[in-house]
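Asker: build me a model from this:
(2 chains)
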Amino acid sequence: DQQVKQNSPSLSVQEGRISILNCDYTNSMFDYFLWYKKYPAEGPTFLISISSIKDKNEDGRFTVFLNKSAKHLSLHIVPSQPGDSAVYFCAASAGSNYKLTFGKGTLLTVNP
Amino acid sequence: DSGVTQTPKHLITATGQRVTLRCSPRSGDLSVYWYQQSLDQGLQFLIQYYNGEERAKGNILERFSAQQFPDLHSELNLSSLELGDSALYFCASSERQGNSPLHFGNGTRLTVT
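Answerer: Reported below is the predicted structural model:
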């Protein structure tokens, strides 16, 4: 039972363009959502988060959008840079249930 | 650098053996989490400790156990190892419980032969 789904295993974009990574969830109790980036041989690095009381959160080139009715969130990276090439994980948690549930990740490749 | 330290980086051992993975959380973080990442799988939550007490359990096998010590470092003990236990084991820490990002270490790669 996969509660957090990233349906695109990979995504390729050109440098300077927008990267859009998508994530769907099934558990309506989730109220906190995060995106992590992971390079090979390293642990996941926190990028950006959003609480369910918001529908958008922005931090520099990274913006996360949350659509609660559709149980969908997305991460926009503008402009994309070759250094953004990594695996991106979507994660969610529910109230007092402190553990994060992760998706399987999307490999983003930004081509120069 | 996340500030979370995991040792060892790599571990190769035989089936049936027992190993201990160690994690030092970021300074000031009271919560420690353990995750397992197997091939083609996402990060699977194993167990969480907060200030020395177990707070949540995920898909952790009975052969696995963990603890958090008074100095807040944590150890994950894996026993009676099987080939299928080969995976990356990540430790993460956060400053509080709930609605705060987890900061991950670089993981321990366990290979069971």
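
Asker: ignoring the adjacent residues along the chain, who's closest to the residue in chain B that chain A sits nearest to?
Answerer: Nearest to chain A, among the residues of chain B, is B:F104, at 3.4 Å (Cβ to the nearest Cβ). Using the backbone N, CA and C atoms, a C-beta is placed for each residue, glycine as well. Leaving out its chain neighbours, the residue that sits closest to B:F104 by Cβ to Cβ, 6 or more residues apart in numbering or on different chains is A:G43, at 3.4 Å.

Asker: surely that neighbour and B:R109 touch.
Answerer: No: proximity of A:G43 to B:R109 does not meet the contact threshold set by Cβ atoms under 8 Å, at 11.6 Å.

Asker: which of these two has more neighbours?
Answerer: With neighbours defined as other Cβ atoms under 10 Å in any protein chain shown, A:G43 and B:R109 compare such that A:G43 has more, 23 against 16.

Asker: for the longest strand along chain A, packing partners?
Answerer: When chain A is parsed with DSSP state E, its longest strand is strand A:86-94. With contacts defined as 3 or more Cβ pairs under 8 Å, 6 or more residues apart in numbering or on different chains; DSSP states H and E, strand A:86-94 has these neighbours: strand A:4-5, strand A:19-25, strand A:32-38, strand A:72-77, strand A:97-102, strand A:106-111.

Asker: which residues touch the last one?
Answerer: Put plainly, it is strand A:106-111. Residues outside strand A:106-111 that contact it (Cβ atoms under 8 Å, 6 or more residues apart in numbering or on different chains) are A:6, A:8-15, A:19, A:21-22, A:77, A:80-88.

Asker: if we can go back for a sec, run through who's touching the longest strand of chain A.
Answerer: Contacts for strand A:86-94 (Cβ under 8 Å, 6+ apart): A:3-4, A:6, A:21, A:23, A:25, A:27, A:29-39, A:44, A:47, A:73, A:75, A:99-108, B:42-43, B:98-99.

Asker: and that strand, what's its mean pLDDT?
Answerer: Strand A:86-94 comes out with an average pLDDT of 94.

Asker: which SS state does B:Q44 fall under?
Answerer: Secondary structure for B:Q44, judged by DSSP: H, G, I helix; E, B strand; the rest coil, is strand.

Asker: how far away is it from B:Y89?
Answerer: 10 Å (Cβ to Cβ, to the nearest Å).

Asker: those two: which is more packed in?
Answerer: B:Y89 (23 against 17).

Asker: which of the helices or strands spans the more buried one?
Answerer: strand B:87-94 (DSSP states H and E).

Asker: before we move on, back to that, write the ChimeraX selection for whichever of the contacts of strand A:86-94 are buried.
Answerer: Applying 16 or more other Cβ atoms under 10 Å in any protein chain shown to the contacts of strand A:86-94, the buried members can be selected in ChimeraX as follows:
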select /A:3,4,6,21,23,25,30,31,32,33,34,35,36,37,38,44,47,73,75,99,100,101,102,103,104,105,106,108 /B:42,43
